[in-house]
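Chemist: Provide a 3D model corresponding to the input given below.
(2 chains)
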Amino acid sequence: MLTILFDGIAYGMLLFVLACGLAVTLGLMNFVNLAHGAFAMAGGYVMAVMVNRLGVPFLLTLPFAFAVPALIGLVLERTLYQRLYTRNHLDQVLFSIGLVFMAVASVDYVMGSQEQLVQLPSWLKGRTEVLGIQVGIYRSFIIAVCSVLVIVLQLILTRTRFGSRLRAAVDDPRVARGLGINVSLIFATTFAFGSGLAGLGGALGAEILGLDPTFPLKFMIYFLIVVTVGGTTSITGPFVASLLLGVADVAGKYYVPSAGAFVIYTLMIVILVLRPQGLFARPR
Amino acid sequence: MASPPHALSSAQVSAALGRAARWNIPEILFWLVAVGAYFALPTRHLILNEIAILGLFAVSLDLILGYAGIVSLGHAAFFGLGAYTAGLLAKHGFGDPLLGLAAAAAMAAALGLVTSFLVLRGADLTKLMVTLGVALVLGEVANQMSWLTGGADGLQGVNMKPVLGLFEFDIFGSVAYAYSLAVTFVLVVVARRIVSSPFGLSLRSIRDNPLRARAIGIPVNRRLVAVYTLSAAYAGIAGALLAQTTQFVSLEVLAFHRSADVLLVLTIGGVGYLYGGLIGAVVFKVLQDFLSAITPQYWQFWIGVILVVMVLAGRERMTEKARDLVRRVTGRGRPTSGAAPAAGGH
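Modeler: The predicted structure follows:
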């Protein structure tokens, strides 16, 4: 029972790291980016290639799993995404689905369609007993890493000058520009950072979520649930939503395996019908 | 109180509506070509059949996206429900095709009616998620109820009776294409009648500005429910056509990529004038055929490229240009019905 809760929390934390970039672009900048999972996949593959082909230790690959997708995100934002901020949602949906199709096919072409298996270092494997609960070491590792990330993110958003500039730029880009804030630079940085986090999440989650070329499509719905259910005004909403989703998913698969993903989708529809603005947001 | 000078009398209004509803030359040509393809390409009836079905499916999406501004990522839900309804009926002895179509339309419309209340609320994103969620739930249900649907193996043993008791389905798809084309034609005629009626006009005003539409006394929610239900029925019929002509239903009819594909098809052809879906279906299928002949495994990449390029180049401008071209060639003035602006909402 507690083990399920623990696994659920680890899963939820992972989802949050994967989705929090999307929470900013979709939630704050109001850009429907269905291609977010592609950046996560990029991170996962960077990690897999470095570990399996180049023999780099797992931990050392994580910075690269952050940096490479962040760089890709930055380039794409500067060249393509920024033209679409002002377009309608249909354009954004079509554009990002197009990117997903391209990402899926090119990864398939380069890496093959089989699932990537990654050997974790031995000190991250196995289970241990803490206070009478069976916990997986790797899952504790994920929880630790993700908790640090969450706290750092929250501090950046609320305590730093960059955070307040970002919030200003999101609230009203015109006024922010008038105050001398370089809005497009802020958006680009944020986008790159969010993509990097997704990549990091993809690398950390390769072991738990599995990694193959259809990753962006398989998990797109999860990211979107986190953001839409969590609401879009802060990062606490998506954080709570990811934890809920993680625990519900793991528990659902454990207790009622025949219902599959049914529970989650139904829950999402119910929540969205009752609270179209998300669980934790006040209607605007 | 004197009426303002620009107010139209009801006679003028119905005259304008009648003008907009009149058949024009490109439309007639389009259907002639579709019929001509039956005779000109006797070996390609199977793919022509797929085009007709995909076209009808895209038309159903156009009804809600182009005319009512509802962005849906889960339209496959209705398509799949229609396919399973028709397939199951035929499997259990009721193999009459038209009966299957009617049943599929009724089932899909019922689902559309029920779920339409879910899409009335919230912004674009919420609608996207709810439509997507409905399709996913349905996919999951079909997967779990494998005793009924055959699950991942697909529904086999679909035995169709001849169309109207006269035309037996053959393996070359000739009857299938004629049948699908006829159904699509009838439904498009009905749809163009509907969208050029006052009902259709009120939908367009809702799409362009829901607040103002409500203010001038249009029952916004009722209209949206009605068109959503209608669109669902159309999608259900398209699904039923697929099930009947291929005599097989798999879980793939409910898959996400089907919803995404139909959105793409409609976008290629242009949103908001009914023929966009049909033209898009032709272009999409021909492209798919061509690309998958070159790279069987990776044709999706090129579809992705086309999508991205199309959006960046500005899809409205592209369809506008194409329509201008048609207008210049046929020498007609600017039709009052055309030139629908961007769909999708704000």
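Chemist: In three-state terms, label A:P213 for me.
Modeler: Assigned with DSSP: H, G, I helix; E, B strand; the rest coil, A:P213 falls in the coil class.
Chemist: so how many other residues sit close to residue 206?
Modeler: Since you didn't name a chain, this refers to chain A. 26 (other CB atoms under 10 Å in any protein chain shown). Where you see a C-beta, it was placed from the backbone N, CA and C, and this is true even at glycine.
Chemist: Sorry, I should have been clearer: chain B.
Modeler: 24.
Chemist: So, low pLDDT: which residues of chain A?
Modeler: For chain A, applying pLDDT under 70 flags the ranges A:126-134, A:232-234, A:258-260, A:280-284.
Chemist: Ranking helices and strands of chain B by mean pLDDT, which lands last?
Modeler: helix B:315-330 (a mean of 65; mean pLDDT, DSSP states H and E).
Chemist: Which parts of the stretch 101-250 of chain A are strands?
Modeler: All strands of the stretch 101-250 of chain A, identified by DSSP state E, counting those that start in this stretch, fall at A:127-130, A:133-136.
Chemist: cool, and the stretch 151-300 of chain B?
Modeler: Taking DSSP E, counting those that start in this stretch as the criterion, the stretch 151-300 of chain B contains no strands.
Chemist: residues touching residue 50, list them.
Modeler: No chain specified, so I'll use chain A. Shown in contact with A:M50 (CB atoms under 8 Å, 6 or more residues apart in numbering or on different chains): A:56, A:60-61, A:64.
Chemist: To clarify, I was referring to chain B.
Modeler: Per CB under 8 Å, 6+ apart, neighbours of B:E50: B:K285.
Chemist: Before we move on, what's the pLDDT of it?
Modeler: B:E50 is assigned 89 on the pLDDT scale.
Chemist: Quick check: which element contains it?
Modeler: Using DSSP states H and E, B:E50 falls within helix B:45-68.
Chemist: Would you check the distance separating the helix or strand just after that helix from the middle of the chain?
Modeler: For helix B:45-68, the succeeding helix or strand toward the C-terminus, using DSSP H and E, is helix B:76-91. Computed by CA atoms, centre = their mean, to the nearest Å, the separation of helix B:76-91 from the middle of its chain amounts to 16 Å.
Chemist: Counting neighbours, what do you get for B:G95?
Modeler: Using other CB under 10 Å, the number of residues around B:G95 comes to 18.
Chemist: doesn't it fall inside a strand?
Modeler: No. Counting by three-state DSSP, B:G95 is not part of a strand but coil.
Chemist: Enumerate the residues of the stretch 1-150 of chain A near chain B.
Modeler: By CB under 8 Å from any CB of the partner chain, the residues of the stretch 1-150 of chain A that approach chain B are A:26, A:32, A:80, A:83-84, A:87-91, A:93-95, A:97-106, A:108-109.
Chemist: try it again with 7 Å
Modeler: By CB under 7 Å from any CB of the partner chain, the residues of the stretch 1-150 of chain A that approach chain B are A:32, A:80, A:83, A:88-91, A:93-95, A:97-99, A:101-102, A:104-106, A:108-109.
Chemist: What helices and strands are in contact with the helix ranked longest in chain B?
Modeler: Ranked by number of residues, the top helix in chain B under DSSP state H is helix B:220-246. For helix B:220-246, the elements it packs on are helix B:45-68, helix B:76-91, helix B:97-119, helix B:174-195, helix B:198-208, helix B:210-215, judged by 3 or more CB pairs under 7 Å, 6 or more residues apart in numbering or on different chains; DSSP states H and E.
Chemist: Let's have the ones you listed in a markdown table, adding distance to B:A313.
Modeler: Formatted as a markdown table, the helices and strands packed on helix B:220-246 follow (distance: least, CB to CB, whole Å):
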| stretch | distance to B:A313 |
| --- | --- |
| helix B:45-68 | 20 |
| helix B:76-91 | 27 |
| helix B:97-119 | 30 |
| helix B:174-195 | 27 |
| helix B:198-208 | 23 |
| helix B:210-215 | 29 |
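Chemist: winner for burial among those helices?
Modeler: helix B:76-91 (a mean of 29; mean count of other CB atoms under 10 Å in any protein chain shown).
Chemist: how about the helices in chain A?
Modeler: Using DSSP H, helices in chain A cover A:2-22, A:36-52, A:58-79, A:89-111, A:137-159, A:161-171, A:173-178, A:183-209, A:215-230, A:236-255, A:262-274.
Chemist: Could you give the separation of the fourth one from the chain centroid?
Modeler: Mean C-alpha position of helix A:89-111 versus that of the full chain (CA atoms, centre = their mean) differs by 17 Å.
Chemist: Need the residues that contact it.
Modeler: Helix A:89-111 has contacts (CB atoms under 7 Å, 6 or more residues apart in numbering or on different chains) with A:31-35, A:38, A:41, A:45, A:84, A:213-214, A:216-217, B:71, B:124, B:260, B:263-264, B:267, B:297-298, B:300-301, B:303-305, B:307-308, B:311, B:343-345.
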